[in-house]
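# Just to be clear, the model below is a prediction. Sequence and coordinates:
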Amino acid sequence: MSTHPAPSPRPGIIGSGAYLHPVQHPAGPSTASPVLLALAVLLLALAIASPILRSRAPHAWWYLIGFPLTCVRMRVTWRRLTTLTDLAVPKRPDRRILGDVEVRGRALRPIPPTLGLPRPRRGGLVVTVRLHPGQTPEQYAAVADALAHAWRVHAVRVTSPGRGLVELSALGWDPLTETRPPHATGRLLAATVGNREDGRAWMLDLRAMPHWLIVGATQSGKSTLLAGAVSQWARQAVALVGIDLKGGMELSLFQARLSALATTRSEAAGLLAHLVQTAMERMATCRAHGARSIWELPGKLRPVPIIVLIDELAELFLMATRDERDEVARTSTALIRLAQLGAALGIHLVIAGQRVGSDLGPGATALRAQLAGRICHRVNDPGTAEMALGDLNKDALAAAQQITEEEKGVAITFEEGGGWMRTRSTLTTPERARAIAQKYAHLTPALGDLGPNDHPGVYA
């Protein structure tokens, strides 16, 4: 019987017969271990420091911790979330024919819309979603609250940058709680007055929105907003005129910077009549030079813009006698004419009031239609909110009616594109408003005779 030498095992293999066992070499030092350890220490440090960082430096916390975590939540929840909210659609039709029977059901794995790459911004993020055929931005706006809850953010706003796309803006926290000091915009007729809910500065631009209606109850922030805006316009080469039928208690803060201040309805009627005459003269100048607005005139011929500030609109429309009825009619007609013609002629209306309702008469309703800019603070009666927002957007109307007494300065306003936004004005104290008016009093232009000068000191 011949014997054969046993085959030498392959290096690293010890075995007998058909069973081979790999040799267990002792593990050497791993180069990945220090990296993983450092990463674990970093994550632990961030987790410990997160509450302190969020309270003391919220924007740093957002970029370091909040934004990455929100991105992870978005990716993890997107398929399930879009399925539950009916934003995901099946690849095949949900109806089939089996013989003579039509069967309808739900696809087991519908396809979610394409979610783009989130982009960070101050206190939030923006992500673009490509819509499925047949979807509209309104479907996403309807489930914005569900998106905010799933992603654990303060709110989600929906806009449409183009056909077939929606842009989801997630807010990490309520930006209206931040205090942002007003700053000069460098643009004529523009005033920065506070914060918007999307984290950007809130600006009133009379070139974009020529006329504004501001409503709000006492201590809702209406007077603060007006003071902040006038404090910005006072620094610019514009004329400011005021109508304050509460004896000038509000607008007298700016009297040093006002070219005219009317404190009674008869004075207001004369002032408005003069402004209408001024508008006619500017119209003739534009026609003579082939210009459609004062902004197309040569610099030497371009007149100074005029901002008409009216506080407590209701006082202009209240009447008790026949003589007052005629005076109200003249005042109402002059206001409507200025609202219709003023945008191209550099005459802008900023009208404020605690109560502005249809019960003030058809003149108030007709005037409201010409005031494209709308701002609604907390109001005491639904009719005022309806007058300010009801003809533009029902959702904005509902949001305005939810503003509480504790949310001083919070308001609902409209953007140039037609969308609405929650905003909050920055506090401007009466002392600061008066000081600014005194500082820039030398910029007050002389507008000439602005009406019957029967009250010395009323007109500057």
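On my side now, so go ahead.
# going forward, measure contacts and count neighbours with C-alpha atoms only.
Will do.
# buried ones in the helix or strand hosting residue 193?
Assigned by DSSP states H and E, residue 193 belongs to strand 190-196. Residues of strand 190-196 classed as buried by neighbour count (16 or more other CA atoms under 10 Å): 190, 191, 192, 193, 194, 195, 196.
# for the fourth one, what are its contacts?
Shown in contact with residue 193 (CA atoms under 8 Å, 6 or more residues apart in numbering): 182, 201, 202, 203, 204, 225, 228, 229, 425, 426.
# Can you pick out the ones from these that are in strands?
201, 202, 203, 204, 425 (DSSP state E).
# give me the low-pLDDT residue ranges for the stretch 101-250 of the chain?
101-108, 179-185 (pLDDT under 70).
# for it, what spans make up the helices?
With helices called from DSSP state H, counting those that start in this stretch, the stretch 101-250 of the chain shows them at 137-142, 144-151, 222-233.
# Dump the ones you listed into CSV; add mean neighbour count and distance to residue 351 as well.
Shown next, in CSV, are those (neighbours: other CA atoms under 10 Å; distance: least, CA to CA, whole Å):
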stretch, mean neighbour count, distance to residue 351
helix 137-142, 16, 32
helix 144-151, 18, 33
helix 222-233, 24, 10
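# mind checking the end-to-end distance for stretch 135-150?
With CA to CA, to the nearest Å applied, stretch 135-150 spans 21 Å between its terminal residues.
# And that stretch, how far out from the chain middle?
Its chain's C-alpha centre and that of stretch 135-150 lie 18 Å apart, by CA atoms, centre = their mean, to the nearest Å.
# Let me know the angle separating the strand holding residue 193 from helix 222-233.
Computed by axes from the mean of the first three to the mean of the last three CA atoms, to 10 degrees, the angle separating strand 190-196 from helix 222-233 equals 140 degrees.
# Each with direction, which strands does strand 190-196 pair with?
Paired with strand 190-196 in the same sheet, following DSSP bridges, are strand 201-205 (antiparallel), strand 420-425 (antiparallel).
# host element of residue 301?
Short version: residue 301 belongs to no helix or strand, going by DSSP H and E.
# okay, now it: neighbour count?
The number of residues packed near residue 301 is 14, by other CA atoms under 10 Å.
# likewise the one 3 residues further on?
By the other CA under 10 Å criterion, the neighbourhood of residue 304 contains 15 residues.
# Skipping its backbone neighbours, what lies nearest it in space?
Spatially, and ignoring its direct neighbours in sequence, residue 304 is nearest to residue 238 (5.8 Å; CA to CA, 6 or more residues apart in numbering).
# from memory the one you found sits against residue 306, does it?
Yes: assessed by CA atoms under 8 Å, residue 238 is found in contact with residue 306 at 5.9 Å.
# What are the buried residues along the helix or strand hosting residue 61?
Using DSSP H and E, residue 61 sits in helix 58-61. For helix 58-61, the buried set under the neighbour-count rule, 16+ other CA under 10 Å, comprises 58, 59, 61.
# May I see those residues arranged in a markdown table, with pLDDT and distance to residue 377 as well?
Shown next, in a markdown table, are these (pLDDT from 0 to 100; distance: CA to CA, whole Å):
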| residue | pLDDT | distance to residue 377 |
| --- | --- | --- |
| 58 | 83 | 27 |
| 59 | 82 | 28 |
| 61 | 87 | 32 |
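# that older thread, can you name the element that comes right after the helix holding residue 61?
Per DSSP H and E, the first helix or strand lying C-terminal to helix 58-61 is helix 67-84.
# Might you list the low-confidence residue ranges for the stretch 301-450 of the chain?
Filtered on pLDDT under 70, the stretch 301-450 of the chain yields the residue ranges 320, 415-418, 448-450.
# Helices along that one, start to end?
Counting by DSSP H, counting those that start in this stretch, the helices of the stretch 301-450 of the chain are 314-317, 322-345, 362-370, 382-385, 394-400, 430-439.
# Go through these and name the closest to residue 156.
Among the helices of the stretch 301-450 of the chain, the nearest to residue 156 by CA to CA is helix 394-400 (14.7 Å).
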